[in-house]
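Peer 1: Show me how the following folds:
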Amino acid sequence: MKFLGNLLALTGSALLLATNVHSQMIDNTQATNTAAAGINKSLTDEVGPGRGNIRIPGSSMYLIKRDPYRAVRRGRQLFQRKFTVAQGLGPIENDGIGDINTDLAIGAGVSDSCAGCHSHPRGSAGAGGNVVTRPDSRDAPHLFGLGIKEMLADEMTTDLRAIRGASIAKAQKTKAPVTLTLFTKGVQFGTITGNPDGTVDTSKVVGVDSDLRIKPFFAEGSAISMREFIVGALHKEMGLEASSDPDLLTASKGGRVVTPSGMVLDGSKDTISPPPAPDANNGNEIDPAVVDDLEFYLLNYFKPGHYQQTAITQRGRALFDKIGCGSCHLDNMTIKHDRRVADVETVYDPVNGIFNSLFATASTLYYTKDDGSGYPVLKLPLGNRFVVQDIYTDFKRHDLGANFYERNWDGSMQTQFLTRPLWGVGTSGPYGHDGRSINLNDVILRHGGESLSSRNSYAALRPADQDALVAFLNSLVLFPPDDTASTLDPGDRTKTNFPQFGHGSIKLTLLFNDATDLE
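Peer 2: Numbering: from 1, shown residues only. Predicted coordinates:
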C-alpha cells in the first residue's frame, strides 16, 4: 500500500491552481460559465472510442487499467452529469402507461442524473428522496462503499456454495445425507443437506435464496451486481437505454464474463438481468464505456466516515451490542481479495478538517506492470485482504414485523428485507427502506418480528442510555468529497474567499497520469 502523504507538498503548486471549482452535473461544453464550474469534457469525449482495450488510448478499458483514477473521476462526472433529451433522456417506462403490477418501472419517474436520486451530502453519491416504485415508495439509499458491498456479498456466495459442494461430496463418499451449517464471514444462513445422488435439501436455508446467491442491492435483495443496478437505473429512472451492454447480454444468456471492474457474472450459475430493449426512436443510447466508468467509480467509491468518538459514543456502541442489535448488524467483515485501486479513511479532525471537521487520508491500492506496449504502465489492484470496519450488516434477509412490511402494486406484501448497513446512518435520514421514520429513535422502535427482543431492550433503557446509543449511530456519517479536506488537498484557510476556495477536497486529479488534462 502506498500512502499519499508525500502529495501534500504538491498542493501549493501550479498543478492545483489549474483545477477548476468542483461542481455538480452541468457540462461546461454545453453551458459555459464564467466560474468554469462543472464537467470539463463533453459526453462524446467521455465515451471516447468506447470500451476498446488496453491499447486503445481514451477507451474505458485503457483508462481503467492504465489511468484508473481518471476512470474513477470520469465515472463520478458521469454520475453527476445532467443528461439531455438529445442524449436520450426519457421518456419513463412506456411513458407511464401500462400494467404497473408487473412493470414497476412505470412508477419510477424520471431524473436527469444519477445524482438526482443520490445527492446528499453535496456532490456525493449519497442519500436521496423517495421513488414511487411501490404504493408506499422507496427511499433512495446512499451509495458510499457500494463496491465493498458487492465484493463482500460475492465472496459470501462463493463460501456458501463451497459448503453446498462439500455436503454433496461427503454424502457421496459416505453414501448417506450430510447436513452442514452455512456459515460465512460471521453470519449463519441455516443448514443445507447434501444427498448421495447429488441433490440438496434447502428447506433449512434461511435469509438467502435457495441458490445461495447473496444479492446485496435493493431493499429486498434482488440484484447481484453494480452493473445490473446501473443499467437498470439508467433505464427505469432516466429513460436511457444501455441496450448493447456486452456483459449483461452475454451473462443473461448463460455465458460467463468478467466486467472491467473485475466482477464475475456467470449466467450458468445465476439469473442475470438482461439490458433493456433499444429505445424506439434512438436505439441504443448509452455506450458500454459509460457503464464501465460508472461501475469502476462505484467500485472505488469512498466508505462512510466517523464523526467525533467520545466516551458517550463508546458507551452507545457497547449498548448496541449488549441489547442484541449486533446479531444482525455485524460491525466488521473481511474481504479476501480487494478489487479496488484506492481507499479513503475519513475521521473527525477539527484541526485539519478545516471546513467540516472531517479529514480524509487517501491510499492507493495498486501495483504497476510494464506490458512493453510503449503506453503508460498498467496499474492493477493489489488484491489484498481488507477488514471492512463498522459496516453493520449481515447481508441476510429478515422479517422485521408488520411495521416494515411493504405493499406491492399487485396487493401482495414484501415481508423480508436485507439488513441495511448502518455505516453513514447518522447523516442519511429519513429512515427505513421507505423513509417513513423521521429519526433514529423512531426507526429503532419501529422494529419487530425477528428484532422484537432488541427493540424491547432498547425501549427499556434509561433515557441517557438511549441517547448514548443514538449518539453512537449519529457518529457514523457520510461526507461531501468536494468539501472534505484530505491528504490529496488539505486546503488553506488563508486563501482568498475561503471557504468558497481553499477548503480542501478529495482531489483525485493529483493521481491522473496527466493532471493538467481535467475531467
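Peer 1: pLDDT of the helix of greatest length in the chain, averaged?
Peer 2: Counting by DSSP state H, the longest helix found in the chain is helix 146-174. Confidence over helix 146-174 (mean pLDDT, whole number) is 98.
Peer 1: tell me what the helix or strand following that helix is packed against?
Peer 2: Following helix 146-174 in sequence order, the next helix or strand is strand 178-184 (DSSP states H and E). Judged by 3 or more CB pairs under 8 Å, 6 or more residues apart in numbering; DSSP states H and E, strand 178-184 is in contact with helix 146-174, strand 187-194. Where C-beta positions appear, they are placed from N, C-alpha and C, glycine not excepted.
Peer 1: excluding its backbone neighbours, what's nearest residue 169?
Peer 2: Of all residues not flanking residue 169 in the chain, residue 194 sits nearest, at 7.4 Å (CB to CB, 6 or more residues apart in numbering).
Peer 1: if I pick that neighbour, what's in contact with it?
Peer 2: Going by CB atoms under 8 Å, 6 or more residues apart in numbering, residue 194 touches 164, 166-172, 177-180, 200.
Peer 1: can we see that at 10 Å?
Peer 2: Counting by CB atoms under 10 Å, 6 or more residues apart in numbering, residue 194 makes contact with 163-172, 174, 176-180, 200-201.
Peer 1: returning to that earlier point: the longest helix of the chain packs against which elements?
Peer 2: The helices and strands touching helix 146-174, judged by 3 or more CB pairs under 10 Å, 6 or more residues apart in numbering; DSSP states H and E, are strand 178-184, strand 187-194, strand 200-201, helix 226-238, helix 288-299, strand 333-335, strand 386-388.
Peer 1: Show me where the stretch 201-350 of the chain dips below the pLDDT cut-off.
Peer 2: By pLDDT under 70, the stretch 201-350 of the chain has no low-scoring segment.
Peer 1: That one: helices as residue ranges?
Peer 2: 226-238, 246-252, 288-299, 311-322 (DSSP state H, counting those that start in this stretch).
Peer 1: Tell me which of those helices lies nearest to residue 406.
Peer 2: Among the helices of the stretch 201-350 of the chain, the nearest to residue 406 by CB to CB is helix 226-238 (17.6 Å).
Peer 1: Next, the angle from that closest one to helix 288-299.
Peer 2: Using axes from the mean of the first three to the mean of the last three CA atoms, to 10 degrees, the direction of helix 226-238 lies 110 degrees away from that of helix 288-299.
Peer 1: sorry, back to before: per-residue pLDDT, the residue nearest to residue 169?
Peer 2: pLDDT recorded at residue 194 is 98.
Peer 1: Who are the contact partners of the residue sitting nearest the centre point of the chain?
Peer 2: By CA atoms, centre = their mean, the mean C-alpha position of the chain lies nearest to residue 146, the distance being 1.8 Å. When contacts are counted by CB under 10 Å, 6+ apart, residue 146 touches 118, 125, 216-217, 226, 229, 295, 297-303.
Peer 1: cool, and residue 134?
Peer 2: By CB under 10 Å, 6+ apart, the neighbours of residue 134 are 100, 104, 107, 219, 406-409, 414, 433-434.
Peer 1: And the strands in the stretch 401-519 of the chain?
Peer 2: Ranges of strands in the stretch 401-519 of the chain, per DSSP state E, counting those that start in this stretch, are 406-407, 413-414, 417-418, 476-477, 485-486.
Peer 1: and the second one, what does it pack onto?
Peer 2: Taking 3+ CB pairs under 10 Å, 6+ apart as the contact definition, the neighbouring helices and strands of strand 413-414 are strand 406-407.
Peer 1: Please apply the same query to the third one.
Peer 2: Using 3+ CB pairs under 10 Å, 6+ apart as the contact definition, the elements that strand 417-418 packs against are strand 397-398.
Peer 1: which helices and strands sit right next to the strand it packs on?
Peer 2: Partner elements for strand 397-398 (3+ CB pairs under 10 Å, 6+ apart): strand 417-418.
Peer 1: Residues in contact with the strand it packs on: which ones?
Peer 2: By CB under 10 Å, 6+ apart, strand 417-418 touches 149, 153, 207-208, 214-222, 393-400, 404-406, 432-433.
Peer 1: please redo it, this time with the cut-off set to 8 Å
Peer 2: 216, 218-221, 393, 395-398, 400, 404, 406, 433.
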